[in-house]
Every structure is written in structure tokens, then in C-alpha cells.
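Engineer: Predicted model and sequence below, questions to follow.
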Amino acid sequence: MSALQPPGLDARLLELGEELRAEGVKLGTAELLDACAALAEISWSERRAFHGALAATLAKSQEERRVFDAVFERFFFRAVEAAALREGVRERADGGWSERAGKAELDLDELRRQIAQALRDFDEARMRDLARLAIAAIGHRASAPTGVVGLDVQRIRRALDLRGETLLLGEGDADVTGLPRAALARFEALLRAELEREQIERTEALGPKRALSELDRALPSGPVADLAAVHRVVAQLRRRLATSGRELHGRRHQDHIDFRRTLRASLQTGGVPIVIKQRPQRPRRPELYVLCDVSTSVTSASVFFLSVLHALHDAFRRMRSFVFIERVSEVTDVFARERGFKEVSEAIAADAGVADVSGYTDYGRVWSEFRALVEDDLDPRSTVIVLGDARTNGRDPRADELAALAARAGRMLWLNPEPRLYWNYGDSVIAAYEPFCEVFECWTARQLEDFVKALTRPLVA
Amino acid sequence: MKALPESVEELADGLRGVGYLPGEEAALVAYLAVRLGKPVLVEGPAGVGKTELAKALASCLERALVRLQCYEGLDEAKALYEWNYRKQLLRIQAEAQGASWSEVQEDIFGAEFLLARPLLSAISASAPVVLLIDEIDKTDQEFEAMLLEVLSDFQITIPELGRISASSQPVVVLTSNNSRELTEALKRRCLYLWLDYPELEHELAIVRLHAPELGETVARKLVEIVGMVRELDLKKPPSIAESIDWARALLLLGASDIDADAFAQTMSVIVKHRTDLEIVAARVGLALSPSAP
């Protein structure tokens, strides 16, 4: 380590490493050593170089980079606030600019004009000041801050009527009402930072540490699931599955010798078979019948699960999807038509026509209808997957119907989006179905991944 | 062969000098890679200049570029080295009479019968080189494992000959299109750089560099449109290479402005899927002003 570094930085780096590990970033000693070596090469009085060097050595994928950025911010820049909290130092509530803003009943138009000016000049320091001013002026005007930072940012933005420039519409650059997009994004980031700071001051505690890795969070359960998060999880799953495919691929190489190709190759070496050629093996591509409960308790999980399977459709030979509440309805072509998660949810809600009278799941009826639909197509190569919480609302589970289905299909799998703890409590009758199918617990993305892996794994390992 | 750069700015200037405009992060990581002698793993969507970065590094450091293009089924024989069987057989046949086995054996496993493939030639080159391992995600995991020895110690073990260590330390750039997760072991040995689509101003500079004849306002409009197209949910968003192609196409057609007509005609340069074409035509094409009568 060079003598230039202040005492304690290495220790801080180790602490940062600990914190990253706690967030699920795989970090070895080698990476931390690299980080130290990298810091010796750059002038780390500059924040971006410091951040970039640490990121290049510590975060080894885009996902890890996202986590790293959040932790880095929290670790180095929330540290100041944490120290201030410990010391009991805080800005006087009635001092400084906020008082000024309150008394003068700051003119919104004037504020808007100033912000627009600062954004056009891309004057960072001024933007930061104005962000605080805007929070003071608007944040406490109409209603109390919601406490959700993202919502507050949008509220302030709307109140100030800040719109991004509309590209291309006018002839030339004559569009004066819009603001430069890059500057606007920066301003929003500043607003966000200030709001977070204010929140810390108000509650006198640092924001709770959330699990930052998508894979460890629970699957979307509410109807307002974060779409971006869903997309990220699907993309990640896809990449991981692609990898696991290769793993199998590598192992199965050794299976069968392709005699003809080996002989052909041996011509090169005078008839001596030096290079052995193996027969390529096809990965197992199951034929899937997916049956998903879309009653309110599990809608999001179902649609999410179906989206994942359809995003991975090339791993399967054929796939048909059905949704059910009281009745069964096929939705395969909805997924063929629509791309977005949201569109799919809407399409299913609009025209699947699965709720009949009560809107409560009726498993008995669903089994018999499903049998009538697909019984002739089922064969030992097909796999039936049911996703549901097995809550019958007191109706007869009709496990015998399910047994008949299981007998015809090659494999029968059940995914339960509830934690195992809740199974068989209340009206959950999963135990009645368990003898006829493999039951999986599936309420985090990681469990879902394990399941999809199990699905594509060859029968004979 | 030039001396190693002394600062990030120096390397960034060098890269700019050979026609590559690096982002801040790219310059920093490239600098660290050169200084620390560690391989860089560059990931990002297709066509953001991952391969170009390696080429630019090579020409700016004035080193030879050794390129290993990866594909499924790539093995040691094609990446590291191979014994020249035919020559060995000829040798055996020529000397079969009278020579004892041990003599022949010593003979045929010499450097004379070794065919150097990219990795071996990068390691054994007398002057340091830039080694580009392109699209590493296309290979199998076994191949990755084999790379580990090369990447961490810059040496290759050939059972019959022993260990060959690098006489000069190469700068190694690995690129990946992110189609699968690479092994932890490989990642641990590399610095990581995520190259994304550049910011508007940055891309504008790139387009202007490669198509200088295009007017400033048209170029800006072009980059803005490409940015809008990227925000749509497309199968294949347009890359930087495609923006440049588009700029050149507009030049060829002599278009002085991008209006709805010109866009409809040349849209296929940046959008390559039929379904994508429909989406783009509906969302972006309509927003453009109709062509002047």
C-alpha cells in the first residue's frame, strides 16, 4: 500500500466489502486487494474516479453494479449524516433559507423561471439550492410529504410544471417551453437526494436497509408491481438458465461416440482415430400445460409466472397456458400477441372470462373442465404445471380428478405462491393434492429459478 | 511500442487520437487495466464498441492485436495450441527405419511440430500485445476454466513441453454480449466494465467523427431519434454502429433534413425486425414533421 493513503482507508474498504457481502455481492479477498491496487493508481480525490475504480474491481455484473452504487452512496455519503445524527447536530428548524421561503411565500412562477434558467445553464450548485427551495415551497404547501420519495419527486415536478423538451416536433430548436432532458434528470436526482436527507432529519434514523438484490425479494404480490423490477428478474433468470443449459451441455458431451464422424476425422491422421467425435445430445424440451389461478389472491404471481415461462418459451417444445378461477380458459395466444407484462395482465383480466358467479376458486370444476379440454393431448412426454394456493373456499377439492390427470401426464408439478408456513391452514388443501404431484414453494424469484431449472433438467441426470 | 500512459487523461487522449471516443468510465477502466496488468471484462449490448475499444487500445499503445473470436464448441486445439499431426506422422514414417522409439518421441514433440493458436502466440510474442477474446459468452464453461491459467498468471502448460510463461505482459480484453452468466472464477480475475448506449452528446460526437460531412443539426436530430427508438420496447435496439450507418446512408441519399419521408425510407438501417419496424413507424414516424411540399 502506498504511504500516500490516509490511515484507515483500507479498514473502511473492508467495511464496505462487508456491507456489499451483506447485500449478496459475491466478494473475495482478491477483489478487495485489486481495489486497493486500483486506488493506488488513480487520483482518488476526485469522486468519480474513486467510484469508478472501486466499481470496476468490486462489482462484476450489471446487477452487482446496481447494488454497488446504492451501497457506495449509502456507505460514503450517508456516513456524514449518520455521524451528524450521533452528534445530535441538525439544522435549526427555523433558520436559513426555509424561513425565508416560508415568509416570502415564494412566488411559484418566479421559482419556476429560476429553475428553468439553472437547468438550461446546467449549473449544478444552483440546481441543488433550487431543489431545496422547491421542496420547502411545494413540499409543505398543499399536503404533508407522502414519505415516499419517488412520489414526492413527481408531485413537486408536476407542481412546478417542469416538462422535458419535446424532441423534433417543431422545426429547428424553436421549442422554448421544454427543458433539457439530461439537466431535468439531474435535477430530479438532486430532489430525491434532498428529500431523503430531509426524511433522515425528520425521523432521526437512517433509511432501512432493504435487500437490494432482486432475486432475494419476494415476487410481486400486489397489483402495482414494479414493472421494471419484473423485467430485470426475467432478464436475469433468462441469463442464468442459459448458463445452466451449458453446464448440462458440457457434461453430456461424453455420452455417445459418433462413429461415422470419428472415422471421417481419422482420415486426417492416416486412419488413426486420434480425435473422438461425440454425438450431440438434445436438451430435454418438455411439452408444457400451465394452469394458473388468477383469483385476486394470486393474480400477480400467476401472470408473472406465465410471463417468465413465455419469455423462456424456446426452452420448451410446446406450451399451452390456461388461467382459471371458477372456469378454465386458454390464454396461449394472449402471450403470443402481447409483449408487455402490463398488457398481458389487462388482456387476461378483460377477456379470459373465467369468473362465473362468485369469483371464488372452484378447483373441482376446474379439474373436470381442464380434463375435458386437454385429456386427449396429454401423453407421458407432457408436463402439467399448476400454480395456485390450493384454497378451495370450503369446496370439495376433488383430488380424484387431479389424480386422473396426473396418471395421464408424464409429470405433474404444483407451485404454491404462499410460504410453506401457511400451507394447510384455513381452507388450504394442498395436502390433498400432494400425493399426486411434486409441490414446490415459490414466493421469491430464487425459488422460481430453482423450479424452472428443475423443469428443464434431463430426467436421467 | 510506447510507454504506458501516466494518467487517465493521457490514455483517453490517445484513444481519441485513434478515432475512438471513450466514455469517462471506459477510459478509467482501460487505464487501470493497462497499469495493473489485469484483464478487463467488457459487457454491454451489441454494437456499443466493445471490440472497438480493444482495437483502439492496440493502436493507441502501438501494440499488435491478437484476436480470438469465440464460438460454441471452441476448444484448446483452436485457441491454445495443436500438435501438427500430419507433420509428426511424416516424421515417424521418414525415420521409422532404424530409429529407436525414444529418439523419435523426443523429436516429434518439439516446438517445430507445435502450431501456435491465438492464446499461445499472444503469450509467447516477444513484444507485448493486446489480446482480444471476443464474445466469451459464446463458449462453454470448460473453455472459461481453461482460460483461467492464461488470465491470472499469463502462462500456458503444455504437457509434453512444460510451462510457457509470457515474456511480456499482454493487455487482455474480454468481451461478452451478456447472453449468459460467466463463472465467478473468471470474473474474479478481471476488471469489469459495463458499456452502455452513450449519452446524447457523446453519441453525437461519435457520429460526427465518423460522418463529418453530415450537418450539425441533422446529426443531432438523428441521434435524438435513435435515442427515442432505443426507449421503445424493441427486439433489437439500434446500436452505435447502426447510427453511424444511418448517418452515412443519409449522406448518400443527400438528405438535408430528417422528415417523415426520409425516415420511412431509411428506417430499415437502424431497425432490423419486421415487428420492430411496425412499432417504430407508429411511434416515431408519426412524430416527425411531414416533408415540405
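Structural biologist: The structure has been received and is ready for your questions. Residues are numbered from 1 along each chain as shown, chains lettered A, B, ... in the order given.
Engineer: what kind of secondary structure is residue B:258 in?
Structural biologist: Classification of residue B:258 by DSSP: H, G, I helix; E, B strand; the rest coil places it in coil.
Engineer: what about the strands in chain A?
Structural biologist: A:287-293, A:318-324, A:328-330, A:382-387, A:411-416, A:438-441 (DSSP state E).
Engineer: Using CSV, please lay out the ones you listed together with mean pLDDT.
Structural biologist: What follows is these, written out as CSV (pLDDT from 0 to 100):
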stretch, mean pLDDT
strand A:287-293, 84
strand A:318-324, 83
strand A:328-330, 83
strand A:382-387, 85
strand A:411-416, 86
strand A:438-441, 85
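Engineer: could those strands go into CSV alongside mean neighbour count and distance to chain B?
Structural biologist: Every C-beta, even on glycine, is put in place using the N, C-alpha and C of the backbone. Listed next are those as CSV, based on neighbours: other C-beta atoms under 10 Å in any protein chain shown; distance: least, C-beta to the nearest C-beta, whole Å:
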stretch, mean neighbour count, distance to chain B
strand A:287-293, 23, 22
strand A:318-324, 22, 20
strand A:328-330, 18, 23
strand A:382-387, 23, 24
strand A:411-416, 21, 24
strand A:438-441, 17, 23
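Engineer: Nearest to residue A:32, out of those?
Structural biologist: strand A:438-441 (35.8 Å; C-beta to C-beta).
Engineer: What helices and strands are in contact with that closest one?
Structural biologist: Strand A:438-441 sits against strand A:411-416, helix A:445-456, with contacts defined as 3 or more C-beta pairs under 8 Å, 6 or more residues apart in numbering or on different chains; DSSP states H and E.
Engineer: Mind putting those into CSV with distance to residue A:310?
Structural biologist: Converted to CSV, these look like this (distance: least, C-beta to C-beta, whole Å):
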stretch, distance to residue A:310
strand A:411-416, 15
helix A:445-456, 12
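Engineer: if we compare the ones you listed, which one ends up closest to residue A:45?
Structural biologist: helix A:445-456 (40.2 Å).
Engineer: And the closest one, what does it pack against?
Structural biologist: helix A:227-252, helix A:299-311, strand A:411-416, strand A:438-441.
Engineer: Kindly recompute the last result at 7 Å.
Structural biologist: Helices and strands touching helix A:445-456, by 3 or more C-beta pairs under 7 Å, 6 or more residues apart in numbering or on different chains; DSSP states H and E, are helix A:227-252.
Engineer: what's the domain layout of the chain?
Structural biologist: Defaulting to chain A. Following automatic domain parsing, one gets these domains for chain A: A:9-87, A:104-203, A:232-252+A:284-456, A:256-283.
Engineer: Please refer instead to chain B.
Structural biologist: Taken from automatic domain parsing, chain B resolves into B:8-74+B:117-194, B:81-115, B:200-286.
Engineer: quick one: residue B:126 and residue B:64 touch, right?
Structural biologist: No - at 10.4 Å, residue B:126 does not count as touching residue B:64 under the criterion of C-beta atoms under 7 Å.
Engineer: Compare neighbour counts for those two and give me the winner.
Structural biologist: Neighbour count, other C-beta atoms under 10 Å in any protein chain shown: between residue B:126 and residue B:64, residue B:64 has more, with 16 against 7.
Engineer: Any idea what the more buried one is bridged to?
Structural biologist: Counting by DSSP bridges, residue B:64 forms beta bridges with residue B:129.
Engineer: hmm, back to that, for the domains of chain A, which one sits closest to residue B:260?
Structural biologist: Going by C-beta to C-beta, the one of the domains of chain A nearest residue B:260 is domain A:104-203, 10.6 Å.
Engineer: for the record, mean pLDDT for the closest one?
Structural biologist: Averaged across domain A:104-203, pLDDT comes to 68.
Engineer: Residue B:185 reaches residue B:149, doesn't it?
Structural biologist: No - with contact defined as C-beta under 7 Å, residue B:185 does not count as touching residue B:149 (11.1 Å).
Engineer: hang on, the earlier thing: quick one, which of the domains of chain B is packed in tightest?
Structural biologist: Counting by mean count of other C-beta atoms under 10 Å in any protein chain shown, domain B:8-74+B:117-194 has the highest mean neighbour count of the domains of chain B, with a mean of 19.
Engineer: now that one, how far from the centre of its chain.
Structural biologist: Relative to the centre of its chain, domain B:8-74+B:117-194 is centred 9 Å away, using C-alpha atoms, centre = their mean, to the nearest Å.
Engineer: Quick check: end-to-end length of it?
Structural biologist: For domain B:8-74+B:117-194, the first-to-last residue distance is 18 Å (C-alpha to C-alpha, to the nearest Å).
Engineer: what do you get for stretch B:152-163?
Structural biologist: 14 Å.
Engineer: Does that stretch reach chain A?
Structural biologist: No - using C-beta under 7 Å from any C-beta of the partner chain, stretch B:152-163 never reaches chain A; the gap is at least 9.3 Å.
Engineer: if we look at that stretch, which residues are touching it?
Structural biologist: Applying C-beta atoms under 7 Å, 6 or more residues apart in numbering or on different chains, the contact partners of stretch B:152-163 are B:80-81, B:109, B:119-120, B:123, B:149-150, B:164-166, B:169-170, B:189.
Engineer: Show me which pair in those is furthest apart.
Structural biologist: B:109 and B:189 (30.0 Å).
Engineer: Leaving out sequence neighbours, find the closest residue to the residue of the stretch 51-200 of chain A found nearest chain B.
Structural biologist: When scored by C-beta to the nearest C-beta, the stretch 51-200 of chain A has residue A:60 as its residue closest to chain B, at 4.0 Å. Of all residues not flanking residue A:60 in the chain, residue B:187 sits nearest, at 4.0 Å (C-beta to C-beta, 6 or more residues apart in numbering or on different chains).
Engineer: wait, isn't the one you found in contact with residue B:40?
Structural biologist: No - Residue B:187 lies out of contact with residue B:40 (C-beta under 7 Å); the separation is 11.3 Å.
Engineer: which element follows the host helix or strand of residue B:202 toward the C-terminus?
Structural biologist: Element membership of residue B:202, judged by DSSP states H and E, is helix B:200-210. Using DSSP H and E, the next helix or strand after helix B:200-210 towards the C-terminus is helix B:216-231.
Engineer: mean confidence for that next one?
Structural biologist: Helix B:216-231 comes out at a mean pLDDT of 87.
Engineer: I'd like the next helix or strand past it.
Structural biologist: Helix B:216-231 is succeeded, C-terminally, by helix B:240-253 (DSSP H and E).
Engineer: what residues does that next one touch?
Structural biologist: Contacts of helix B:240-253 (C-beta under 7 Å, 6+ apart): B:47-49, B:198, B:203, B:206-207, B:210-211, B:213-214, B:218-219, B:222-223, B:226, B:266, B:269-270.
Engineer: Run the contact check for stretch A:298-313 versus chain B.
Structural biologist: No - contact of stretch A:298-313 with chain B (C-beta under 7 Å from any C-beta) is absent, the minimum separation being 12.4 Å.
Engineer: middle-most residue in chain B, spatially?
Structural biologist: Residue closest to the average C-alpha location in chain B (C-alpha atoms, centre = their mean): residue B:51, at 2.0 Å.
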